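Q: For reference, the sequence and a predicted model appear below.
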Amino acid sequence: MARYALLTDIHANREALEAVLRDLAGRRADRIAVLGDIVGYGADPAWCTDRVEELAAAGAIVLKGNHDAAVDQPDGSMNAIARAAIDWTRPRLSAAQKAFLAALPLTACEADIQFVHASADHPQDWIYITGERSAWPSFAAAKARVILCGHVHVPAIYSCDMTNRVQSQRITTRRPVPLIRSRRWLAVIGAVGQPRDGVPEAAYAILDTATNDLTFHRAAYDRAAAAAKLRAAGLPEPLALRLLNGS
């Protein structure tokens, strides 16, 4: 039995990552899982990569996201703002940092849990799970009872019953969601570094396998400082505005 701290979509936001790790210090986690997109969009890619590598060395599960992959292999499907941020990020990472990102796996499994950045069915295709219809292929492909992912930047949770009916479930921050054992579950963990659900605080979650529940959390951080860094770096203005308004 373990308590997993689930972090994803850090996006080179040092202030947000530091705030989440401080918040976690008072919540007892046995294991950290970082579900990808350590870099991209934000102004501190080197610092965030080094900090996540430290977490990995201490036993964290760390996966590759599409922005991490784009550092090594440019992704033509990215929009102009995402490409501009990756082009800015690439020369600010050392060879060792790039090698760390390139070597990360796309998915990991422990017991009845699967960790992935995007979707469990085709993790290399960076599919967005935005509703019941797009959640179903992951349930169909995975053997795990609980699937945990990021990529979308909006927290969500779906259940799949014994008849293969997929349903969206209500989320209340800091209130545990019971993962009823007669169903399978897929949770999209909100973004640490760039929330898009209208709540600008950094998002993360904790899975407790002893109590069999998942709790979504938020951590306040200095968004103005993070946005100021983006502007000072000359990164696209919408990235700064997104940090400030969380959408």
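A: Thanks, I have it.

Q: Where does Val20 sit: helix, strand or coil?
A: Assigned with DSSP: H, G, I helix; E, B strand; the rest coil, Val20 falls in the helix class.

Q: That one: neighbouring residues, count only.
A: 25 (other C-beta atoms under 10 Å). From N, CA and C alone the C-beta is placed, and that goes for glycine too.

Q: if I look at it, how far off is Leu6?
A: 10 Å (C-beta to C-beta, to the nearest Å).

Q: Quick check: neighbours shared by the two?
A: Tyr204 (C-beta atoms under 8 Å, 6 or more residues apart in numbering).

Q: quick one, what contacts Glu234?
A: Actually, residue 234 is Gly. It isn't Glu. Shown in contact with Gly234 (C-beta under 8 Å, 6+ apart): Trp88.

Q: Start and end of stretch 179-197, how far apart?
A: Its start and end residues considered, stretch 179-197 measures 23 Å (C-alpha to C-alpha, to the nearest Å).

Q: Not including adjacent chain positions, what is the nearest residue to Gly42?
A: Counting by C-beta to C-beta, 6 or more residues apart in numbering, the nearest residue to Gly42 once its immediate chain neighbours are dropped is Ala12, at 2.9 Å.

Q: Which phi and psi values does that neighbour adopt?
A: Main-chain torsions, Ala12, degrees, to the nearest 10: phi 60, psi 30.

Q: so who does it touch?
A: By C-beta under 8 Å, 6+ apart, the residues touching Ala12 are 38-45, 47-48, 89, 193.

Q: Over to Pro178?
A: 212-213.

Q: which residues pair with it across the strands?
A: Note on Pro178: beta-bridge partners Asp213, judged by DSSP bridges.

Q: Trp185 too?
A: Val146, Ser159.

Q: Brilliant, that's me finished.
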